[in-house]
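Visitor: Provided below are the primary sequence and the corresponding predicted coordinates.
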Amino acid sequence: MPHLFRRAMDALYWACAVLAGASLVLVSAVIPYSVYTRYVLNHAASWPEPAAVLLTIVLTFFGAPVCYRDSIHMRVMFFIGFMPPLARRLCDFLAEGLVALVALFMANWGYGLCAATWFSSIDEFPWLSVGVTYLPIPLGGIVTLLFVIERLTIGAPPQRLPAHEAAAEESAPWTS
């Protein structure tokens, strides 16, 4: 059963990573288009700025769980390194609990935000519900909570060593 849960979390991780990466690429295309229409064509398009904001919401709330699961989020580990093993484990458990609380907050209040704005629309995209644009908040909270549950029940996923770090370790003269 833990193997199946890990595989499901791996699939969820990759889905979030692809979604966040696609959002980043689209933001990187929309902003230059906005600059082009404003300064070259001298006729600014109205949709690129709100589209970039919406894509940034997707990038943020699906990219954050990816960073959390890969342990590449910001952490301050200086003082924890000086603690005895039991205190270190307690701090790790407390940190995971706090992340779970934030994830629950996002899921709960994000759902409320979606429900409250579901029948409103955006001026530049009248066919798009504001509630739909806020869906990444509760969904990102649920994904983060699932990743916390994964860490607490079956442990952190194995860390993937980036290719540039692996190459640096192979070529470093002091490692052989």
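Guide: Looks like it arrived, so ask away. Residues are numbered from 1 along each chain as shown.
Visitor: how deep is Leu86 tucked in, by neighbour count?
Guide: Burial of Leu86 is recorded as 8 neighbouring residues (other CB atoms under 10 Å). To be clear about C-beta, it is placed using only N, CA and C from the backbone, and glycine gets the same treatment.
Visitor: In terms of helices and strands, where is it?
Guide: Secondary structure from DSSP states H and E places Leu86 in helix 85-117.
Visitor: Which strands and helices lie in contact with that helix?
Guide: helix 130-133, helix 136-154 (3 or more CB pairs under 8 Å, 6 or more residues apart in numbering; DSSP states H and E).
Visitor: Pull out the buried residues from the shortest one.
Guide: Along helix 130-133, these residues count as buried under the neighbour rule (16 or more other CB atoms under 10 Å): Val130, Gly131, Thr133.
Visitor: mind putting those residues in CSV, pLDDT and distance to Pro50 included?
Guide: As requested, the buried residues of helix 130-133 are arranged in CSV below (pLDDT from 0 to 100; distance: CB to CB, whole Å):
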residue, pLDDT, distance to Pro50
Val130, 93, 11
Gly131, 94, 15
Thr133, 95, 9
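Visitor: Redo those as a markdown table? Include distance to Phe119.
Guide: Shown next, in a markdown table, are the buried residues of helix 130-133 (distance: CB to CB, whole Å):
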| residue | distance to Phe119 |
| --- | --- |
| Val130 | 8 |
| Gly131 | 7 |
| Thr133 | 13 |
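Visitor: circling back: angle of the helix holding Leu86 against helix 136-154?
Guide: Angle between the axes of helix 85-117 and helix 136-154 is 150 degrees (criterion: axes from the mean of the first three to the mean of the last three CA atoms, to 10 degrees).
Visitor: average model confidence for helix 85-117?
Guide: Helix 85-117 shows a mean pLDDT of 95.
Visitor: Please tell me how far the closest residue to Leu24 other than its chain neighbours sits from Cys67.
Guide: In this structure, Leu24 finds its nearest non-sequential neighbour in Leu59, 5.5 Å apart by CB to CB, 6 or more residues apart in numbering. From Leu59 across to Cys67, the span is 11 Å (CB to CB, to the nearest Å).
Visitor: what do you get for Trp109?
Guide: 21 Å.
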